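[1] I need the structure of the sequence given here:
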Amino acid sequence: MLRRQSARESAARTYARALPIVPVRARGLTIEGADGRRYLDCLSGAGTLALGHNHPVVLEAIRKVLDSGAPLHVLDLATPLKDAFTTELFHTLPPAFAERARVQFCGPAGTDAVEAALKLVRIATGRNGILAFTGAYHGMTAGALEASGGATDVRVTRLPYPQDYRCPFGVGGERGAELAARWTESVLDDAKSGVPLPAGMILEPVQGEGGVNPAPDTWMRRMRQITETRSIPLIADEVQTGVGRTGRFWAVEHSGVVPDVMVLSKAIGGSLPLAVVVYRDDLDVWQPGAHAGTFRGNQLAMAAGTATLAYVRENRLAERAASLGRRMLDQLRALAAEFPCIGDVRGRGLMIGIELVDPDPDLAPGQTPPDTPDAAPALAAAVRRECLRRGLIVELGGRHTSVVRLLPPLTISDEQTSAVLDRFADAVAAVAREPAHTAQP
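    Just a heads-up that it's a prediction; the model follows:
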């Protein structure tokens, strides 16, 4: 099957290159391959599987729909399943946001929801430009790519996203976040900056593909203040951070920020494709059909999503993600003190990144170098390979693909958490012992 996949599928395939396995069964954190091997899955469909694979409440919700005879495709017509999903979704939103919210069902991918959000604020404001941030990732369609970190010919103004380890101003911490905020104000208020008043600002409360960089809460509040005083709609991309992933149901809740628009996908569909934009009611200036999609009424996804949202809320899985995430970060930071090739450990809740760097051979374990070490994508790739050999699935991200990312399901047990950390530590130790690994493609 792997040979046939290589021969038949597009060169654009990604995960299949780094993870040469053929999944045939899965439950919770565990995947079983066609070769009989079992893996602990800390990729979780790139954060899609909040409850892991084939959770009983999700399967039961899907079976009920299939057994009921309900239509599976209804375009954007009202249905009991859609009404239940919308009710549960609004129940989870920050109250100050939910009380004036409207929901737009989009095509079933997060990137289409981003397109809808950008189109919405442009129509509502009558303006065109968008503010976005270095390191951002918002999807793979044209408009979403324009707002992402690797864009080139764009209508987007790129602003610095604060981070401690690789601060664009070289200072990190509160000072670095303050400088980033001041730069944003300067760009907007300088009549000669070349940046007219934009239609909106889009940001991720935690950058995922950008290397798992949590936005400081004070900086998030500054962005809300800056946009609000200038009548710039603030779009929060919660595609990967939502549904308890970061230790709050929605990542904006850490800072208390109430955005004007939220973009939601991945986990809201309970493992099935679903995407929505939720926005303040006064922005609801759409003409009928202004943003449509044949598959915006995915009934199975709405049923699975309702079950997932309710289960996460009722079982306080966001709180568990917060406490378990702190434990994992503490243990990974202890590992970093032992291995100089781990430059930084960061994250929020169960959204964790470990940045691999080229270690200084003269540096003692635990000693901090005078300058931030170079990123080490080859080392990160070697760690990913060693993890897979030990039955642990992880993926890479970051500016230089040098950040190992952990996105376990929110249902991961304490015992499974220990197994993940042990396998990861063994993989790092193997790579540290065998530098030749870094030369492999």
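[2] what residues sit buried inside the longest helix that the chain contains?
    Longest helix of the chain, by residue count under DSSP state H: helix 317-338. Using 16 or more other Cβ atoms under 10 Å as the test for burial, helix 317-338 gives 317-318, 320-322, 324-325, 328-329, 331-332, 335-336. Backbone N, C-alpha and C define where each C-beta goes, glycine included.
[3] do the same with stretch 383-397
    Buried-residue list, stretch 383-397, by 16+ other Cβ under 10 Å: 383-388, 390-397.
[4] what's the closest of those residues to Ala429?
    When the buried residues of stretch 383-397 are ranked by distance to Ala429 (Cβ to Cβ), Glu386 comes first, at 8.8 Å.
[5] let's verify the closest residue to the closest one other than its chain neighbours: helix, strand, or coil?
    Spatially, and ignoring its direct neighbours in sequence, Glu386 is nearest to Ala427 (3.6 Å; Cβ to Cβ, 6 or more residues apart in numbering). Put simply, Ala427 is helix when judged by DSSP: H, G, I helix; E, B strand; the rest coil.
[6] model confidence for the residue nearest to the spatial centre of the chain, exactly?
    When Cα atoms, centre = their mean is applied to the chain, the residue found nearest the centroid is Gln240 (2.8 Å). pLDDT, Gln240: 97.
[7] which SSE is it in?
    Under the criterion DSSP states H and E, no helix or strand holds Gln240.
[8] what do you get for the one 3 residues further on?
    In this structure, Val243 is located outside every helix and strand according to DSSP H and E.
[9] how deep is the residue nearest to it when sequence neighbours are not counted tucked in, by neighbour count?
    Sequence neighbours aside, Ala267 is the residue nearest to Val243 in space, at 3.8 Å (criterion: Cβ to Cβ, 6+ apart). Ala267 has 29 neighbours, counted by other Cβ atoms under 10 Å.
[10] how near is Ala267 to Leu274?
    From Ala267 over to Leu274 the distance is 9 Å, taken as Cβ to Cβ, to the nearest Å.
[11] verify the contact between the residue nearest to the centre of the chain and Ile268 for me.
    No: using Cβ atoms under 8 Å, Gln240 is not in contact with Ile268, being 11.2 Å away.
[12] show me where the stretch 301-441 of the chain dips below the pLDDT cut-off.
    361-370, 435-441 (pLDDT under 70).
[13] helices along that one, start to end?
    For the stretch 301-441 of the chain, the helices defined by DSSP state H, counting those that start in this stretch occupy 317-338, 377-389, 414-433.
[14] TSV for the ones you listed, including distance to Thr306?
    Shown next, in TSV, are the helices of the stretch 301-441 of the chain (distance: least, Cβ to Cβ, whole Å):
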stretch	distance to Thr306
helix 317-338	15
helix 377-389	34
helix 414-433	26
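[15] and for the residue nearest to Pro205 when sequence neighbours are not counted, the neighbour number?
    Spatially, and ignoring its direct neighbours in sequence, Pro205 is nearest to Ala251 (3.6 Å; Cβ to Cβ, 6+ apart). Neighbours of Ala251 under the rule other Cβ under 10 Å: 27.
[16] quick thing: my sequence starts at 13, can you match it?
    Understood, numbering begins at 13; the last thing we discussed is Ala263.
[17] does Ala263 touch Gln252 like I think?
    No: Ala263 lies out of contact with Gln252 (Cβ under 8 Å); the separation is 9.0 Å.
[18] please enumerate the shared neighbours of those two.
    Residues touching both Ala263 and Gln252 by Cβ atoms under 8 Å, 6 or more residues apart in numbering: Val218.
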